[in-house]
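Trainee: The following block contains a protein sequence and its predicted model.
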Amino acid sequence: MAARAPSSAAMRRVRTVLRETFGLARLRPGQAAVIERVLAGQATLAVMPTGAGKSLCYQLPALLLPGRTIVVSPLIALMKDQCESLRELGIAAVQMNSAIESDEARAAEQAVADGSARIVMTTPERLSEPAFLDLLAAHPVSLVAVDEAHCISHWGHDFRPAFLEVGHAVPRLGHPVVLAVTATATDEIAEDICEQLGIPPEGVINTSAYRSNLDLRVLAVANEAEKQAQALKLVRATQGSGIVYTATVKAAQAVHEALQGAGESVGLYHGKLAASERAAVQDAFMSGGTRVMVATNAFGLGIDKPDIRFVLHYQLPATLEAYYQEAGRAGRDGGLARCTLLFLRGDKAIQQFFMAGRYPGEEDAAAIVRALRDPREDGAAWTLPLLQARLGRPRAKVQVALGLLRKDRIVAQSRDGSLKLQARPASGARMRELTEGYGRKRDLDREALERMVFYAQTGQCRWRVLMEHLEGTSLFERCGQCDNCRRIAAHEAVVEDLLRKAPEEAPEADASGPPVFARGDLVEVRRYGRGVVQDASGTQVTVVFADRSRRSFLPEYVRKARAQKDAKRPPAGDRATA
C-alpha cells in the first residue's frame, strides 16, 4: 500500500471517533504519531510503556480504514477482554482462537466470512493454517496489528516461534499496513522486528519507558530462608493487590504455600496447571477476589489490571526487558506502586540452566531433514506436530529450526500444512550456517543475565540503568525515587548537615608536617569535592563522598573543609560520580 499523508479531514475524523466512540478528549503524543502513520499507509513499530494506550493505536484506525483489521496476539485472555469492550462500544469485533466455545467460534467464522467483522482478533498459531488465511483474505484487509511484537524476535526475552508465521501471512492478506506494538525493544530487537515485518527504520516510534510512579527497589538476601521471610514481610506490609513472580514452578508452589499459611488471600498460576484452573485463578485475581497472585512468567503478557500496587520478584529474571515487562504491570492507574527484587546470588544459576538447550543447533536442523527424507509408514504427509512427536525434541526448538529450513527453501510447507523437502541439497555445512546465529544469541543471553545481575547490585539510580539499557540513554542522572537515589540523598543530607555545623574556619595543619585528620573530619579534595574522613593515617586518608563512593588520597592532597554558610548542596561538578 502506497504511503500518503493523512488529510486534515482524516485527522478531524480521528478526533470525532476518539470522542464519540471511545469517550476520550485527546490522544497522547505517542498515540497521535502512531495513528497518523497508520492512516498514511506507513508500516510502523510502536515501542510504548505499559499503560500508554497501545491498543487504541490499532482500534481507532480500524474504524477509519476501508478494510478489516486483523489483530495478532498471544494473549487469549486479553483478546477476550478487548473483544467484549469493543462490542460494548458498538464495534463489530470477533475473536478466533482455541479457547472459545463452538457456538461462538461458528458465529465468529460467519462474521469473518460475510465481511461484517470489522476487527478480527486471533493468535499467531492460527495464521499458520492455510484455510484460515483464505477466510481472512476473502474480504479486503487494511491493517495487520501485531501485539506484543517483541515475541517475533529471536533476540527478545519472550521469543515465540509461532510469531514467525506473521511475516509469511502478510503477503497472503494483500500486503496491508503493518503496525507492531510492544512495551520493550532494544535497538537490536527493534531492528529484528522491522526486518521480519517489512517496517522501515524511520517507522519506529519509541516513547520513553520511564514511569515515575514505579518505586524500584532491590533487597539482597543471604539464603532461601531469609528470602522467604522477606517475601512474607513485604507482602504483609503492602496494601492492595500484587504479584509475586518466581522463575520456577517449585518456587511458586513454596511461596504460595507460605503465604497461604500466613493467612494471605493468594492464588497460584503456572504453566503446569490445567487451562480451567489457570482461568479460574486469573479471574479471581482480576476481579479482586484474590489479593495476591504467585506466578511464573506464564502469568504475564496482557495482564490489564490497573490497580496492582506491588510486584515482587522472588527470583532473578533473565533479562532487564523481562524485568521491566513484569514490574511494569504495577501501577497502570498512575498511582504509586512498589517494584521489589529479592536478590540471592545463587538464583543466577537458575537462569543459566534455562539457557542451556534453548536454541536449535546443527543437529536439530539435520534431524528434521533426515525425518522428512523417510516417508511415513501410513503414507500420510509430515506436519509440524507429527515431526515434533517423531523427533522427541521441544516443540519450540523444532519450530524454530523448521522456520530456518523453510526460509532457506530447503523445506516447503503446503497450504494444508504438510511438509516436504525441496530439491535443494541440505549439507551438514549448510545446517551449521543456518544455526550458527544462535551461538551469538547464547552469548547475548549471557550478557543480558550479567546486566540483570548488575542492576541488582549497582549503587546507581535504578531507573537510569533501565533507561540506558532499553533506550541507549537516560533522561537523568538520578530519578530521585528509587532505593539507591533515596540512599544517596540521605547521605548527602548527613554530609551537608555536618558541614553546616562545622566551625567557620577549619584549623590549619601544622606547617612543620603533613596535615593530620581524624575519622569524621569534613574535608575537601580537588576534583572530587567535599566528603567525610572514614580512616586516616600519616600516609593515607580515606574519604567517603556524598554519592557513597570511597577514595583514598595522600594527606597532602586533602584539606579541611570550610563551613557552608548558605547550607546549599555543593555544585554537581564538585561531587564525585559513582
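Mentor: Arrived safely, thanks for sending. Computed from a predicted structure; not experimentally measured.
Trainee: ok, the one residue sitting closest to the centre of the chain to residue 474 distance?
Mentor: Centroid check for the chain by Cα atoms, centre = their mean gives residue 325 as the closest residue, at 3.3 Å. Going from residue 325 to residue 474 by Cβ to Cβ, to the nearest Å gives 19 Å. Yep, even glycine has a C-beta here, placed from its N, CA and C like the rest.
Trainee: next one: residue 47
Mentor: 16 Å.
Trainee: can you check residue 133 too?
Mentor: 43 Å.
Trainee: repeat for residue 264
Mentor: Residue 264 is 37 Å from residue 474, by Cβ to Cβ.
Trainee: Okay, domains of this protein per the record?
Mentor: Domain assignment of the chain by automatic domain parsing yields the ranges 8-206, 214-353+445-471, 362-435, 483-574.
Trainee: hmm, back to that, beyond the host helix or strand of the residue nearest to the centre of the chain, next helix or strand please.
Mentor: The secondary structure element spanning residue 325 is helix 320-327 (assigned by DSSP states H and E). Heading C-terminal from helix 320-327, the first helix or strand you meet, by DSSP H and E, is strand 337-343.
Trainee: so what does that next one touch, helix or strand wise?
Mentor: For strand 337-343, the packing partners by 3 or more Cβ pairs under 8 Å, 6 or more residues apart in numbering; DSSP states H and E come out as strand 214-220, helix 224-237, strand 308-313, helix 437-457.
Trainee: right, so those: which one is the most enclosed?
Mentor: Highest mean neighbour count among the helices and strands packed on strand 337-343 (mean count of other Cβ atoms under 10 Å): strand 308-313, with a mean of 22.
Trainee: Put the alpha carbons of that strand into PDB.
Mentor: C-alpha atoms of strand 308-313 as PDB (Å, rounded to 0.1, in the frame of the first residue of the first chain):
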ATOM      1  CA  ILE A 308      -1.800  -3.500  41.100                       C
ATOM      2  CA  ARG A 309       0.100  -1.900  43.900                       C
ATOM      3  CA  PHE A 310       3.200  -4.100  44.100                       C
ATOM      4  CA  VAL A 311       5.200  -6.600  42.000                       C
ATOM      5  CA  LEU A 312       7.700  -8.700  44.000                       C
ATOM      6  CA  HIS A 313      10.300 -10.700  42.100                       C
END
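Trainee: strands paired with it, and their directions?
Mentor: Here strand 308-313 is paired, per DSSP bridges, with strand 241-245 (parallel), strand 337-343 (parallel).
Trainee: Contacts for the longest one, please.
Mentor: To tie it back to what came earlier, the one meant is strand 337-343. The contact list for strand 337-343, computed with Cβ atoms under 8 Å, 6 or more residues apart in numbering, reads 213-221, 227, 230-231, 234, 238, 308-316, 323, 327, 330-331, 455-457.
Trainee: what stretches of the stretch 251-400 of the chain score poorly on pLDDT?
Mentor: 300-302, 356-358 (pLDDT under 70).
Trainee: hey, where'd the strands end up in it?
Mentor: Per DSSP state E, counting those that start in this stretch, the stretch 251-400 of the chain carries strands over the ranges 266-269, 292-295, 308-313, 337-343.
Trainee: Can you lay out the ones you listed as CSV showing distance to residue 73?
Mentor: Shown next, in CSV, are the strands of the stretch 251-400 of the chain (distance: least, Cβ to Cβ, whole Å):
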stretch, distance to residue 73
strand 266-269, 19
strand 292-295, 19
strand 308-313, 21
strand 337-343, 25
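Trainee: Residue 55 is nearest to which of those?
Mentor: Of all those, strand 308-313 sits nearest to residue 55, with 18.0 Å by Cβ to Cβ.
Trainee: closest to residue 296 out of the strands paired with strand 308-313?
Mentor: With respect to residue 296, and counting by Cβ to Cβ, the nearest of those is strand 241-245 at 7.3 Å.
Trainee: just to revisit the earlier point, most packed of the strands of the stretch 251-400 of the chain?
Mentor: Of these, strand 292-295 is the most buried (mean count of other Cβ under 10 Å), at a mean of 27.
Trainee: From residue 186, how far off is residue 486?
Mentor: Going from residue 486 to residue 186 by Cβ to Cβ gives 28 Å.
Trainee: what about those two, which has more around it?
Mentor: The residue with more neighbours, out of residue 486 and residue 186, is residue 186; 23 against 15, by other Cβ atoms under 10 Å.
Trainee: Now the more buried one, what are its backbone angles?
Mentor: Residue 186 adopts backbone torsions of phi -70, psi 170, taken as degrees, to the nearest 10.
Trainee: cool, and residue 72?
Mentor: phi -100, psi 120.
Trainee: Repeat that for residue 240.
Mentor: Main-chain torsions, residue 240, degrees, to the nearest 10: phi 90, psi 180.
Trainee: So residue 269 sits against residue 299, correct?
Mentor: Yes. The pair residue 269 / residue 299 is scored as a contact, 4.2 Å apart, by Cβ atoms under 8 Å.
Trainee: what do these two both touch?
Mentor: What both residue 269 and residue 299 touch, as defined by Cβ under 8 Å, 6+ apart, is the set 282, 293.
Trainee: what's the span of stretch 55-73, first residue to last?
Mentor: In stretch 55-73, first residue to last residue: 11 Å (Cα to Cα, to the nearest Å).
Trainee: who's more crowded, residue 264 and residue 474?
Mentor: residue 474 (20 against 17).
Trainee: list the contacts for residue 464?
Mentor: 474, 476-479.
Trainee: my bad, residue 532
Mentor: Per Cβ under 8 Å, 6+ apart, neighbours of residue 532: 495, 498, 520-523, 543-544.
Trainee: now with 6 Å?
Mentor: residue 544 (Cβ atoms under 6 Å, 6 or more residues apart in numbering).
Trainee: Helices along the stretch 251-400 of the chain, start to end?
Mentor: Chain-ordered helices for the stretch 251-400 of the chain, with DSSP state H, counting those that start in this stretch as the definition, fall at 275-287, 320-327, 348-355, 362-373, 384-391, 395-407.
Trainee: so how far is the fifth one off the chain centroid?
Mentor: The offset between the C-alpha centroid of helix 384-391 and the centroid of the whole chain comes to 31 Å, using Cα atoms, centre = their mean, to the nearest Å.
Trainee: same thing with the second one?
Mentor: Taking Cα atoms, centre = their mean, the mean C-alpha location of helix 320-327 is offset from the chain mean by 4 Å.
Trainee: And for the fourth one?
Mentor: The gap between where helix 362-373 is centred and where its chain is centred comes out at 33 Å by Cα atoms, centre = their mean.
Trainee: Okay, angle between it and helix 437-457 too, please.
Mentor: Counting by axes from the mean of the first three to the mean of the last three Cα atoms, to 10 degrees, helix 362-373 lies at 140 degrees to helix 437-457.
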